[in-house]
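Enquirer: Sequence first, then the predicted structure:
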Amino acid sequence: MAALTLIIVGKYFLPIFIEKDLYTIPEFVEKRFSTNLKTILAVFWIALYVFVNLASVLYLGSLALETIMGVPILYGVIGLALFAAAYSLYGGLSAVAWTDVIQVIFLVLGGLITTYLALDTVSGGEGVLAGMKTIYKAAPGRFAMILDKSNPEFKNLPGIGV
């Protein structure tokens, strides 16, 4: 659904937003409603980002540092926060954007390498295709993406519409 939604927004709504010089949600709220509501919305989203997103990322990152290297969680949180603040302030938005690009590359490559190693291990070193055959023989029902109407979960996952 995300692809379809993005096409609709790009085709029909984006030209209207650009024509009216609206580039952020708070700008839209200010023009549509009031400056006070824009400020409330901005403060709410910043608080949500800091206390939910940022807190969980710092905690999970420091937990990984503790598990892998034995760094205490408090020092990990402080270190990660200082490091992120330093490269964000020094490099600006472009540094943050490049970090996202690099992370995506590593995530995709890591996923491909992990898949290769797992399939090769399952096949006993005979390769990826042999690993796929081994997995398919072990669990053939797990490779059907569209459930049959006789399946008890058909109501929850009715097929292509999902």
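Expert: Cool, the structure landed. This is a predicted model, so every value here is computed, not measured.

Enquirer: Could you use CA atoms for every contact and neighbour count after this?
Expert: OK.

Enquirer: show me where this structure has helices.
Expert: Along the chain, the segments classed as helices by DSSP state H run 2-8, 14-19, 25-32, 35-48, 55-69, 73-122, 128-138.

Enquirer: what's next to the third one, contact-wise?
Expert: Read that as helix 25-32. The contact list for helix 25-32 (CA atoms under 8 Å, 6 or more residues apart in numbering) reads 22, 35-39, 41-42.

Enquirer: C-alpha coordinates for it, CSV please?
Expert: The C-alpha trace of helix 25-32 is given here as CSV (Å, rounded to 0.1, in the frame of the first residue of the first chain):
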residue,chain,number,x,y,z
ILE,A,25,3.6,19.4,8.4
PRO,A,26,3.9,22.3,10.9
GLU,A,27,3.8,24.8,8.0
PHE,A,28,0.6,23.2,6.8
VAL,A,29,-0.9,23.3,10.3
GLU,A,30,0.0,26.9,10.7
LYS,A,31,-1.6,28.0,7.4
ARG,A,32,-4.7,25.8,7.9
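
Enquirer: List the buried residues of that helix.
Expert: Within helix 25-32, the residues that qualify as buried by neighbour count (16 or more other CA atoms under 10 Å) are 26, 28-30.

Enquirer: Those residues into TSV, with extra columns for pLDDT and distance to residue 91?
Expert: Shown next, in TSV, are these (pLDDT from 0 to 100; distance: CA to CA, whole Å):
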residue	pLDDT	distance to residue 91
26	87	25
28	88	29
29	90	30
30	90	30
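
Enquirer: Read off the pLDDT value for the most centrally placed residue in the chain.
Expert: Centroid-nearest residue in the chain, with CA atoms, centre = their mean: residue 104, separated by 9.7 Å. Predicted confidence (pLDDT) for residue 104: 94.
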